[in-house]
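Novice: after the sequence you'll find the predicted model.
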Amino acid sequence: MSLVLASSSPRRKKLLEDGGFTFEIEKPSYDERHLRLSPAEIYTMQLALQKAMSVKEKRPEDVIVAVDTVVVLDDKILGKPKDRAEAEEMLLSMKGRTHRVISAYAVLGEEKYVDYDQSFVHFEDFTEAQIKAYLDKNTYMDKAGAYGVQEIDEFEITVEGAMDTVIGMHVASIEAQLKGMKGADRER
């Protein structure tokens, strides 16, 4: 029995490694476009569960962890941008404002557990030059809300809540669910 991270995200891999876990990686095969849009918390938990289930089907004996993260502004989910113009539009909509980042997770072993964590993120006002400098890094395409909090140094960001929730996975919540589950080996 192994612990399996159902994700291709290098950020989630690093967070789990930094948490001291021994695990394997299996890319989930669920297509997000088939899921009905619902309130952000429910939508994100459904995505995490569907990702976990797509891997659990192939690895029924293992403990599967899947996570999905969304950015929510004015009750609207901001997904991954299609292009630079959409990324800029998303970032400008958050300028000088506070938004939520929801990271939902599913842990499937002999039991099933699905929940979410959220943090609040405030973007200070930024200039056109600052936003251009960030976009020129080309790191926005695979990130909800078009940004990686750990990659922005062009303007000020304030986080209320767990930083790793904003990065893509609140490790302490995952750890709490894995305690006592077989296959959740840790190196430390």
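Specialist: Yes, it's here.

Novice: what is the helix or strand encompassing Tyr43 packed up against?
Specialist: In this assignment (DSSP states H and E), Tyr43 forms part of helix 40-56. Applying 3 or more Cβ pairs under 8 Å, 6 or more residues apart in numbering; DSSP states H and E, we find helix 40-56 packed against strand 63-73, strand 98-108, strand 112-123. No exception for glycine: its C-beta is placed from N, CA and C like everyone else's.

Novice: now for the ones you listed, which one comes closest to Tyr140?
Specialist: Proximity to Tyr140 (Cβ to Cβ) singles out strand 63-73 among the helices and strands packed on helix 40-56, at 11.7 Å.

Novice: just how off-centre is the helix holding Tyr43 within its chain?
Specialist: 12 Å (Cα atoms, centre = their mean, to the nearest Å).

Novice: output it in CSV, but only the C-alpha positions, please.
Specialist: Output in CSV follows, covering the C-alpha atoms of helix 40-56 (Å, rounded to 0.1, in the frame of the first residue of the first chain):
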residue,chain,number,x,y,z
ALA,A,40,-16.8,27.5,-5.2
GLU,A,41,-16.3,25.4,-2.1
ILE,A,42,-18.5,22.6,-3.4
TYR,A,43,-17.2,22.8,-7.0
THR,A,44,-13.6,22.6,-5.7
MET,A,45,-14.3,19.6,-3.4
GLN,A,46,-16.0,17.9,-6.3
LEU,A,47,-13.0,18.4,-8.5
ALA,A,48,-10.6,17.1,-5.9
LEU,A,49,-12.8,14.0,-5.3
GLN,A,50,-13.2,13.3,-9.1
LYS,A,51,-9.4,13.5,-9.5
ALA,A,52,-8.8,11.2,-6.6
MET,A,53,-11.4,8.7,-7.8
SER,A,54,-9.8,8.6,-11.3
VAL,A,55,-6.5,7.5,-9.7
LYS,A,56,-8.2,5.2,-7.1
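
Novice: average pLDDT across it?
Specialist: Taken as a whole, helix 40-56 carries a mean pLDDT of 95.
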